[in-house]
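Trainee: coords please:
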Amino acid sequence: MIRPFYQVLLVLALPWVWVRLFVRARREPAYRQRRAERFGHVPPGLSTGVIWFHTVSAGETNAAAPVIRAVQERFPDDTFLVTTMTPTGSARVASLLGDTVEHCYAPYDYPWAVARFLRHVRPRALILMETELWPNLVEQTASSGASVYLVNARLSERSYRGYRRIGSLVRRMLGRIDGILCQYDDTAARFRSLGAKSVEVTGSVKFDAEMPPDGFGVGDLGFGDAPVWIAGSTHGGEEAVVLDAHRQLRDRFPEAGLILVPRHPERAADVGRVVRDHGFSTGLLSERATGVDVLLGDVMGTLAHLYPHAGVAFVGGSLDGTGGHNPIEAAVHGVPVLMGPTRHDVEEICARFAAAGCFYPVEDAHDIARIVGELFADPMRRAKEGAAAKSVVDANRGARQAVVNRLCSWLGASEGSAAH
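Mentor: Numbering: from 1, shown residues only. Coordinates of the predicted model:
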C-alpha cells in the first residue's frame, strides 16, 4: 500500500518541484541550467554500459573522487559516469575528475524520468554514496540488470526512525541493493534492522580525504599575527549567528579576524551585506582582499586551503537543521572544531572527535564566542586539541582501500556473470 501512495505523492509534488527549481534558480542561477537532465534527458553523446557513481553534492563528491580514481585503475576499459543533484556537486566533479569521467545530473525519482535515463545510459552497475536512496531509482536500475551498491553508507537515528515508518517500501528498496558498505557498526545494525541483507562495515572514506589541488592559490590572507578563526560551509541564517559571535569575540580580541565561507559561493554577495550590516569591513577571496575584518571565501574548492589559516573552526550546516557538514576537513589540519546542535549527518564522526577532547557542541553566538575566546587565550591548549583532532583523523584512515577492494570484487563478479 505504501508504494502506490509514494507514487501518488510524487505526482502531486511535481508542480512544487518546478516551483522549487524556479525559486532556487533565482537565488542560485546555476539551477536554471540543464533542467531537462533532472527529468531523465541525458546530454548528447553520453556513453552506455557505464559504471555509474551517484554522489549528490560537493561533500559526497570530495569523498568519492579518490575511490572513483582507484576503481578506474582496476577497470581501465570501462567508462565511468558520475551524477550529482546540485551545481556545487557538478562543479566538484569537473574540478576533481575532469574528463576522466562523464557527468550529468541524476533524474528525479519519477518512474518515467528514471526509465528515460536508464534507456539511454544502460549502466552495468550503480554505486550510491552515503544515503542517497530513492525507491524508483534503486528498483528500476536493479530491474534493468545492473548491480546496485551503497558505499560509505550512513544512517542516523533520526533517519532510521523515519524509514521505519515506511518499512515495507524501504525493505523492498533495500532488497534490490546487492551490497552495502557502512561507515560504522551502528549504521550497519540500522540497515540490517530495516531488512538489508549484504551489509559490511568498512569505516568512513572521508577520513582518507586527499588535499585537493589549490588551483586558485590561496596564499597569504593578510591577517598578520592576529588570531583568526573560520566558519566553513555556512548556510543562510548561520552567518548572522557567527557574526554576532565575532562581535563578542572582538571585545576581548580587537584584532581577531574571521574567514567566512558560505557553503554555496554564489551567496557571497548576500552574505557580504549581512557582514556589513553587522558593522564589519569585508572583502572577497576572489579579489584577494586584505586588511578586512571578515574575509569572504567565495571561490569553490578553496575551503580545505583556508582551514590551515585558522586556529579554531566552526563547521556549518549545524545551526539551521541541515545536519552538519564534514568536520574532518578542519581537523586534518590540526584545528579544533565547533558545531551546532543539528549534527545527525556526521554524528558518528563528531563522537570520535568529542572522545578525543577536541570537539565543542555549541548552541548560539555566546557559546561560539566563549569557546573561541578560551582557545585564543590559551595557545598551548589550542595546539594540544588541534594535535588530538589530527590524531583522530590519522587513526581512522584506511577505509578507502577497504571500500575499493570490496567494490572492485563486486564489480569483477558482476562483470563475469554478465559475460556469461
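Trainee: can you pull out the strands in the stretch 201-350 of the chain?
Mentor: In the stretch 201-350 of the chain, the strands defined using DSSP state E, counting those that start in this stretch lie at 228-234, 257-262, 282-284, 294-296, 312-315, 337-339.
Trainee: among these, which is the most enclosed?
Mentor: Comparing the strands of the stretch 201-350 of the chain by mean neighbour count (mean count of other CB atoms under 10 Å), strand 312-315 comes out on top with a mean of 28. To be clear about C-beta, it is placed using only N, CA and C from the backbone, and glycine gets the same treatment.
Trainee: which residues touch it?
Mentor: By CB atoms under 8 Å, 6 or more residues apart in numbering, the residues outside strand 312-315 that reach it are 229-233, 242, 307, 324-327, 329-330, 335-339, 362, 368, 371-372, 375-376, 382.
Trainee: ok, 7 Å please
Mentor: Under the contact criterion CB atoms under 7 Å, 6 or more residues apart in numbering, strand 312-315 has outside partners 229-233, 242, 307, 324-325, 327, 330, 335-339, 368, 372, 375.
Trainee: list the neighbouring strands of that strand plus their orientation.
Mentor: Strand 312-315 has the following sheet partners, assigned by DSSP bridges: strand 228-234 (parallel), strand 337-339 (parallel).
Trainee: adding distance to residue 193 and mean pLDDT, write these out as CSV.
Mentor: Converted to CSV, the strands paired with strand 312-315 look like this (distance: least, CB to CB, whole Å; pLDDT from 0 to 100):
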stretch, distance to residue 193, mean pLDDT
strand 228-234, 31, 97
strand 337-339, 27, 98
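Trainee: quick one: which of those strands is nearest residue 409?
Mentor: Residue 409 sits nearest to strand 228-234 of all those, at 34.1 Å, using CB to CB.
Trainee: just the CA trace of the closest one, in CSV.
Mentor: The C-alpha coordinates for strand 228-234 follow below in CSV (Å, rounded to 0.1, in the frame of the first residue of the first chain):
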residue,chain,number,x,y,z
VAL,A,228,42.0,34.1,13.2
TRP,A,229,39.0,31.7,13.2
ILE,A,230,37.0,30.3,10.4
ALA,A,231,33.3,29.5,9.8
GLY,A,232,33.1,27.0,7.0
SER,A,233,30.2,25.7,4.9
THR,A,234,27.7,28.1,6.4
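Trainee: just the angle between it and strand 257-262, please?
Mentor: Interaxial angle, strand 228-234 versus strand 257-262 (axes from the mean of the first three to the mean of the last three CA atoms, to 10 degrees): 10 degrees.
Trainee: tell me the gap between strand 228-234 and the middle of its chain.
Mentor: Relative to the chain's own centre, strand 228-234 is displaced by 16 Å; criterion: CA atoms, centre = their mean, to the nearest Å.
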